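K.L.:
Predicted model, plus sequence, below.
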Amino acid sequence: MRECGLSEDEVFASLEVRKAEDLAHSSILSSMCTLPHPVAVRAHGLFMETNLGDPGLFPGTAAIERQLIATLGELYHHPGAAGYASSGGTESNIQALRIAKARRPTDRPNVVIPASSHFSFEKACGMLGIAIRTAPLDRDLRVDLDSVQGLIDDQTIGIIGVVGTTEYGMVDPIPDLAVLATEHDLFFHVDAAFGGLVVPFLPDPIPFDFSLQGVSSIAVDPHKMGMSTIPAGCLLVRDQALLDLLNVDTPYLSVKQEYTLGGTRPGAPVAGALAVLEHLGREGFRALVAGCMENTRRLIEGLEALGVERAATPDVNVATFRTSQAPPGWRVSFTRRGDLRCVLMPHVTAEIVERFLVDAEKFYA
Ligand code: 0PR
């Protein structure tokens, strides 16, 4: 650390040099994050100093967090859902498994997880001493129900379903998994980190939420398809009592107990997340999602016309292809199976898709 500080101009000159090294979003097809909506940026700026870790000092910000959870609870057909704003899907998934473990203490706890699950479950299970039982996928890359059933035993504390898998954009058979969970009295966590703000706005929504009796908790990330600033995740649970299983005493704070994983928690992205939901409304989200889905369809159709076969027919805006090569200059990713993967986020406009297809035509010719 330097002895004498730099002027503000000097500090910003060097920060801007670094910022210019970051990639432009116009070439990024590999990310599940996107440019934040302007209203999220404005709200974020307004709440910069707020700390939800001591909500008694920021009752207005705490009310915004409650409104965010209530809005999502209503979207997921359970206005009374409990929950809180996390730092993202990883934290929400960790917390869901902490609840599952607290709810049913066993000697050698295990959870049954789809092979398509996000790697955050590996972190969560490692931390919590929970064994992972991986259920294979069916031909359409959704979790195979019979395999899930076969992997459940008397040490199983929970099962997981994914709404919008990270790699292929598939939605697991959540209604069937919910029935299984009910039959075996298991905690059922739905990882809708990506799809939770896509699926409700599709013309024909696939059922995945609290309207299904067996669903215990849902992870959804406003910092993905919710266009909020980072970090903004949410964990929703069916009953407050489930969240309270995680309570620890916080004697010297403005609240006497807390169930969150983080201590100090930013209010700014939470205000950003609510601002976008309020500003766009269901109508705005339907339009946003329709655009992303149309771009997904166009990319698949365009690449297939060039002889590049799709790897899956996705439920949400993730397009994958059976090729290990991509045109230069584009930031794409490759799945564990080696398929090319593009995420058609809101920053990936129709015009960007057409530019990609022009490059692809030269590249794959
Ligand atoms: N669950 C699912 C289904 C996810 O896709 C992700 C992240 C998570 C949980 C974890 O969420 P957090 O990363 O918010 O904790 N999915 C993206 C991925 O791993 C995250 C991402 C976003 C990665 C932008 C890269 C990137 O540039 O691909």
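P.N.:
Now that the structure is in, tell me what you want to look at. None of the values given here were measured: they were computed from a predicted structure. Numbering: from 1, shown residues only.

K.L.:
any idea how far residue 157 lies from the ligand?
P.N.:
Distance, residue 157 to the ligand, using Cβ to the nearest ligand atom, to the nearest Å: 19 Å. (C-beta placed from N, C-alpha, C; glycine too.)

K.L.:
Now that residue. Its backbone dihedrals?
P.N.:
phi -100, psi -20 (degrees, to the nearest 10).

K.L.:
Enumerate the residues of the stretch 151-300 of the chain near the ligand.
P.N.:
Within the stretch 151-300 of the chain, the positions near the ligand by Cβ under 6 Å from any ligand atom are 162, 166, 191, 193-194, 221, 233.

K.L.:
ok, now with 8 Å
P.N.:
Applying Cβ under 8 Å from any ligand atom, we find that the stretch 151-300 of the chain lies next to the ligand at 162-167, 191-195, 219, 221, 223-224, 231, 233.

K.L.:
Beyond the helix or strand residue 272 falls within, next helix or strand please.
P.N.:
Secondary-structure assignment from DSSP states H and E places residue 272 in helix 268-305. Using DSSP H and E, the next helix or strand after helix 268-305 towards the C-terminus is strand 318-321.

K.L.:
got the contact list for whichever helix or strand comes after that following strand?
P.N.:
For strand 318-321, the following helix or strand on the C-terminal side (DSSP H and E) is strand 333-334. With Cβ atoms under 8 Å, 6 or more residues apart in numbering as the test, strand 333-334 has contacts from 30, 324, 340-341.

K.L.:
residue boundaries of the strands in the stretch 101-250 of the chain?
P.N.:
Using DSSP state E, counting those that start in this stretch, the strands of the stretch 101-250 of the chain run over 110-114, 131-135, 156-162, 187-191, 217-220, 233-237, 248-249.

K.L.:
for the fifth one, what is the average pLDDT?
P.N.:
Yep, that's strand 217-220 we're talking about. Across strand 217-220, pLDDT averages out at 99.

K.L.:
Kindly state the domain boundaries assigned to the chain.
P.N.:
For the chain, automatic domain parsing gives the domain ranges 8-36+282-364, 38-277.

K.L.:
As CSV, these with distance to residue 2 and mean neighbour count would be great.
P.N.:
Listed next are the domains of the chain as CSV, based on distance: least, Cβ to Cβ, whole Å; neighbours: other Cβ atoms under 10 Å:
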stretch, distance to residue 2, mean neighbour count
domain 8-36+282-364, 11, 16
domain 38-277, 25, 20
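
K.L.:
I'd like these as JSON lines, with distance to residue 1 appended.
P.N.:
Below are those laid out as JSON lines (distance: least, Cβ to Cβ, whole Å):
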{"stretch": "domain 8-36+282-364", "distance to residue 1": "13"}
{"stretch": "domain 38-277", "distance to residue 1": "22"}
